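> One predicted model, sequence on top.
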2 protein chains.
Amino acid sequence: MNLSTSEENYIKSIYHLQLVSNIVNTNSLAKELNTKAASVTDMLKKLKTKKLIQYERYYGFKLNDKGIQTALIIIRRHRLWEVFLVSKLGFDWDKVHIIAEDLEHVSSMELIKKLDTYLGRPKIDPHGDPIPDVNGRLPVIKQMNLFKLPLKKTGVVSSVGNQSPQMLEMLKHYGIGIGSQIKINKVFDFDKSIEIKLLKQPACIISEPVAKNIFVYDE
Amino acid sequence: MNLSTSEENYIKSIYHLQLVSNIVNTNSLAKELNTKAASVTDMLKKLKTKKLIQYERYYGFKLNDKGIQTALIIIRRHRLWEVFLVSKLGFDWDKVHIIAEDLEHVSSMELIKKLDTYLGRPKIDPHGDPIPDVNGRLPVIKQMNLFKLPLKKTGVVSSVGNQSPQMLEMLKHYGIGIGSQIKINKVFDFDKSIEIKLLKQPACIISEPVAKNIFVYDE
DNA sequence: TAAAATTTTTAGGTTTGTCTAAATTTATTT
DNA sequence: AAATAAATTTAGACAAACCTAAAAATTTTA
Ligand SMILES: [Mn+2]
Ligand SMILES: [Mn+2]
Ligand SMILES: [Mn+2]
Ligand SMILES: [Mn+2]
């Protein structure tokens, strides 16, 4: 298909937005991409002629099957590079997204195939997000919000909702990462902050907004 | 400085051309970059305003110190990625140039620093070309043309002049690579082709154009 | 040295991706 | 149901990186 960096970024952003809202609107995409609504409209026309989106003016838009397939290929590249940056180069998880944002646009098939093999065909990226396979299939990861974890029951951190550098830096500070074993000691009614206990660490308290973005699976 | 991919490609090409000819002319750069002379002139104006080249119209041009420094940073990224592709991902040496041509434009300093460390601070790339250090200093590699190697004396292949995929594929076929131990058995007067002997391989004959592009050091 | 050939630059366009400001359309209030 | 507000699109520009064709400068040849 041969897409520009800009087209790829639009497709990826539409994909992420339509996971939440089913139909995507111009303003939210503009905000997501740090651009203006008028620019978005221009690009929507182009993506429509390339038959990657469903789009009727004033009615919103979303990726069609071909568009979703394309998005998953780009997401696969992004997440494989993130694994590389963390597991091979030793980057912290809060530093890799920006770099992967560039690397994901290098489109050699052979490169991604060999990178995947080299990394040991990882199923999740450093933030716990699933890596689409070569055919764009996403492994389903069974997980729940930390708030759903019964008191005193141990869960394993599986992914993070908000992945801003600010959030990730904070979790790093708390010592919370993918794979961390976590237990809820107590929920405080006042502000819904919770006291948690991690292995080999003293108990600590995290706020509701933080807790809401942590996902776990049990045992 | 923040340069576009296109600007970086121009700078790198000027660098390579001025190694040979000292002063570079519009047409040769256009040919090198598979573009037109008019496009080159446009870019030269831009590079001049960015103070990266010395350029007087109709008189040719070359990189100034700042331009050379910039070129060496890009070449460093290119060659480090080539090392990665060959030594970590298992690519053949004739397949890595095109991919590195894209990867070299990902400009995170931290990335290149960590990649360098990860690769063990290599001094040469898979084609035997020296990798500039962080400060843009090039290690000097003492070598000579294969034709200068005395008969029956063993040399070690250190680099290749023509690095087109066609040439590299051919050398791969002959089993000639960087580090190969090579001896000249005989030079044929007729066409200056030479019979060579590599370790653990039967003797074979290579043409003059091929031999002229092979460089060795003795011992 | 004058004509011819070559090289380089300029003039004027195109495409991609962006923008601001104005016009439309749709949604929300009175 | 108007009026108002919000969202979206269009109109018109702009910068980057290209292009072709024509003009200008330089070099070569006769
Ligand atoms: Mn990106
Ligand atoms: Mn991620
Ligand atoms: Mn390049
Ligand atoms: Mn190389």
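Received, thanks. Ligands and ions are numbered 1, 2, ... in the order given.

> use CA for all of it now, contacts and neighbours both
OK.

> any idea of the mean pLDDT for stretch A:190-201?
Mean per-residue pLDDT for stretch A:190-201: 96.

> and chain A, what are its domains?
In the domain annotation for chain A, the residue ranges read A:5-63, A:75-137, A:144-218 (automatic domain parsing).

> Chain neighbours aside, what residue packs nearest to A:K142?
A:Y217 (6.6 Å; Cα to Cα, 6 or more residues apart in numbering or on different chains).

> so that neighbour, which of the three states?
In three-state terms, and counting by DSSP: H, G, I helix; E, B strand; the rest coil, A:Y217 is strand.

> For chain B, see how far away it is.
33 Å (Cα to the nearest Cα, to the nearest Å).

> and if you look at A:K186?
A:K186 is 41 Å from chain B, where distance means Cα to the nearest Cα.

> Contacts only, for the residue of chain A positioned farthest from its centre.
In terms of distance from the mean C-alpha position of chain A, A:F190 ranks first, at 30.9 Å (Cα atoms, centre = their mean). Contact analysis of A:F190 by Cα atoms under 8 Å, 6 or more residues apart in numbering or on different chains lists nothing.

> where does it fall, phi/psi-wise?
Main-chain torsions, A:F190, degrees, to the nearest 10: phi -50, psi -60.

> same thing with A:N25?
According to degrees, to the nearest 10, A:N25 has phi -120, psi 160.

> before we move on, what about A:I68?
When quoted as degrees, to the nearest 10, the phi and psi of A:I68 stand at phi -60, psi -40.

> What is the burial count for the closest residue to it other than its chain neighbours?
By the measure of Cα to Cα, 6+ apart, the closest residue to A:I68 outside its immediate chain neighbours is A:Y15, 6.8 Å from it. For A:Y15, the neighbour count with other Cα atoms under 10 Å in any protein chain shown is 22.

> Pretty sure A:Y15 sits against A:D65.
No - between A:Y15 and A:D65 there is no contact under Cα atoms under 8 Å: 11.0 Å.

> ok, A:I131 - contacts?
With the criterion set at Cα under 8 Å, 6+ apart, A:I131 makes contact with A:I75, A:R76, A:R79, A:L80, A:P122, A:K123, A:I124, A:D125, A:L138, A:P139.

> Buried only: go through the residues you listed for me.
A:I75, A:R76, A:R79, A:L80, A:P122, A:K123, A:I124, A:D125, A:L138 (16 or more other Cα atoms under 10 Å in any protein chain shown).

> pretty sure the fourth one contacts A:Y118?
No - checked against Cα under 8 Å, the pair A:L80 and A:Y118 is beyond contact range at 10.3 Å.

> ok so A:H16 is a helix residue?
Yes - assigned with three-state DSSP, A:H16 falls within a helix.

> how far away is it from A:D92?
23 Å (Cα to Cα, to the nearest Å).

> how about low-confidence regions in chain A?
Applying pLDDT under 70 to chain A flags no residue at all.

> Which residues of it lie near DNA strand C?
By the rule Cα under 7 Å from any atom of the strand, the part of chain A lying against DNA strand C is A:4-7, A:34-40, A:42-43, A:58-59.

> Among those residues, which ones are in helices?
A:T5, A:S6, A:E7, A:A37, A:A38, A:S39, A:V40, A:D42, A:M43 (DSSP state H).

> OK, contacts around the last one?
When you say that, I think you mean A:M43. Counted by Cα under 8 Å, 6+ apart, A:M43 has contacts A:E7.

> mind redoing it with 10 Å?
Neighbour list for A:M43: A:S6, A:E7, A:Y10, A:A37, A:T49 [criterion: Cα atoms under 10 Å, 6 or more residues apart in numbering or on different chains].

> same thing with the second one?
Taking Cα under 10 Å, 6+ apart, we find A:S6 in contact with A:K12, A:L33, A:M43, A:H105.

> Overlap in contacts, A:Y15 and A:D65.
Contact with both A:Y15 and A:D65 is made by residues A:A71, according to Cα under 10 Å, 6+ apart.

> List the backbone torsions phi and psi for the most centrally placed residue in chain A.
Computing the C-alpha centroid of chain A and ranking residues by Cα atoms, centre = their mean puts A:D129 first, at 5.5 Å. A:D129 adopts backbone torsions of phi -80, psi 140, taken as degrees, to the nearest 10.

> picking up where we left off before, pull the most distant pair out of the contacts of A:S6.
Greatest spatial distance in those: A:M43 and A:H105, 17.7 Å, computed using Cα to Cα.

> coming back round to it: now, which of the buried ones among the contacts of A:I131 lie within helices?
Per DSSP H, the buried ones among the contacts of A:I131 map to helices at A:I75, A:R76, A:R79, A:L80.

> any idea which of these is closest to DNA strand D?
A:I75 (24.8 Å; Cα to the nearest atom of the strand).

> Thought A:P132 was touching the closest one, still the case?
Yes - the criterion here is Cα atoms under 10 Å, and A:I75 meets it with A:P132 at 7.3 Å.

> overlap in contacts of these two?
A:Q69.

> contacting residues for A:M109?
By Cα under 10 Å, 6+ apart, the neighbours of A:M109 are A:I73, A:R77, A:L115, A:V134.

> hang on, isn't the first one packed against A:K12?
Yes - taking Cα under 10 Å as the contact criterion, A:I73 and A:K12 are neighbours in contact, 9.5 Å apart.

> show me where chain A has helices.
Taking DSSP H, the helices of chain A run over residues A:5-21, A:26-32, A:37-49, A:65-83, A:96-103, A:109-118, A:165-174, A:208-211.

> Would you mind listing what in chain A touches DNA strand D?
So chain A meets DNA strand D at A:25-28, A:37-42, A:56-60 (Cα under 7 Å from any atom of the strand).

> Now restrict the residues you listed to buried residues only.
Here, 16+ other Cα under 10 Å leaves A:N25, A:T26, A:N27, A:A37, A:V40, A:T41 buried among the residues of chain A next to DNA strand D.

> Looking at the residues you listed, which one is closest to B:I184?
Relative to B:I184, the closest of those is A:V40; by Cα to Cα it sits at 64.4 Å.

> Tell me if I'm right that the closest one and A:L33 touch.
Yes - under the criterion of Cα under 10 Å, A:V40 makes contact with A:L33 at 9.0 Å.

> Spell out which residues are contacts of both of these two.
Listed contacts common to A:V40 and A:L33 are A:Y10, A:N27; contacts here mean Cα under 10 Å, 6+ apart.

> can you tell me which residues contact A:V156?
So A:V156 contacts A:143, A:146, A:177-183, A:198, A:215-219 (Cα under 10 Å, 6+ apart).

> Select from those the one having the most neighbours.
A:V216 leads those on contacts (other Cα under 10 Å) with 25 neighbours.

> Which residue, other than its chain neighbours, is closest to that residue?
Take A:V216 and drop its neighbours on the chain: the residue closest to it by Cα to Cα, 6+ apart is A:V157, 4.3 Å away.
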